[in-house]
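Visitor: no sequence on this one, just coordinates:
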């Protein structure tokens with residue numbers, strides 16, 4: 001099967017339709033690994049005592065980690081990260097990562113708008129932790145083609 005045949009097309013989309021869903025479990029180990037990969041070693045992301053000393057309820061996931069996880073289901077659905085033309089979010093609430101239970105970030109991606117003339121679909125993300133939204137106004141603009149015209 002070619003990649004082109006699995007790539008979503010604008011003509012097949014309906015505003016309000018869910019195009020992707022995913023859940024991402026996080027642990028304290030996940031945060032330490034992300035800190036190493038990103039270079040963000042702020043101790044609020046791995047030490048409860050430091051997080052509490054600055055007024056936080058405990059260790060928080062990195063905002064950019066949460067943002068990166070949130071867009072991944074759309075990238076997978078689109079079939080090519082190069083199709084992502086724009087991605088924006090507002091950080092509204094932190095993801096608290098329990099030392100034992102961890103945390104699970106859930107993502108639901110729905111078609112928010114279709115601009116057929118521009119070849120762009122706006123995908124709206126609902127990103128939550130413990131059933132509370134943690135990213136607001138999370139939107140991804142994806143470049144997609146219309147279905148080819150048939151010769152019939």
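Guide: Thanks, I have it. What you see is a predicted model; the values in this text were computed from it and never measured.
Visitor: which element is residue 111 on?
Guide: strand 103-115 (DSSP states H and E).
Visitor: try residue 23
Guide: Residue 23 is part of strand 18-26, with elements assigned from DSSP H and E.
Visitor: That strand vs strand 103-115, what angle?
Guide: Between strand 18-26 and strand 103-115, the angle formed by their directions is 160 degrees, by axes from the mean of the first three to the mean of the last three CA atoms, to 10 degrees.
Visitor: mind showing which ranges of the chain have poor pLDDT?
Guide: With pLDDT under 70 as the threshold, the chain has low-confidence stretches at 1-5, 147-152.
Visitor: what about the helices in it?
Guide: Using DSSP state H, the helices of the chain run over residues 3-6, 28-38, 48-53, 63-78.
Visitor: Would you mind telling me which of those helices is nearest residue 141?
Guide: helix 63-78 (9.9 Å; CB to CB). The C-beta positions use only the backbone N, C-alpha and C, and glycine is treated the same way.
Visitor: Out of the helices of the chain, which one sits most buried?
Guide: For those, the stretch with the most neighbours on average is helix 63-78, a mean of 19; neighbours defined as mean count of other CB atoms under 10 Å.
Visitor: what does that one rub up against?
Guide: Taking contacts as CB atoms under 8 Å, 6 or more residues apart in numbering, the residues outside helix 63-78 that touch it are 7-8, 19-22, 24, 26, 30-31, 34, 38, 40, 81, 84, 87, 89, 91, 94-95, 105, 107, 109, 123, 125, 127, 134-135, 138, 140, 142, 144.
Visitor: sorry, back to before: counting neighbours, which bits of the strand holding residue 111 end up buried?
Guide: Counting neighbours by 16 or more other CB atoms under 10 Å, one finds that the buried residues in strand 103-115 are 103, 105-107, 109-111, 114.
Visitor: Who does the strand holding residue 23 pair with, and is each partner parallel or antiparallel?
Guide: Neighbouring strands of strand 18-26 in its sheet, by DSSP bridges, are strand 103-115 (antiparallel).
Visitor: Great, nothing more from me.
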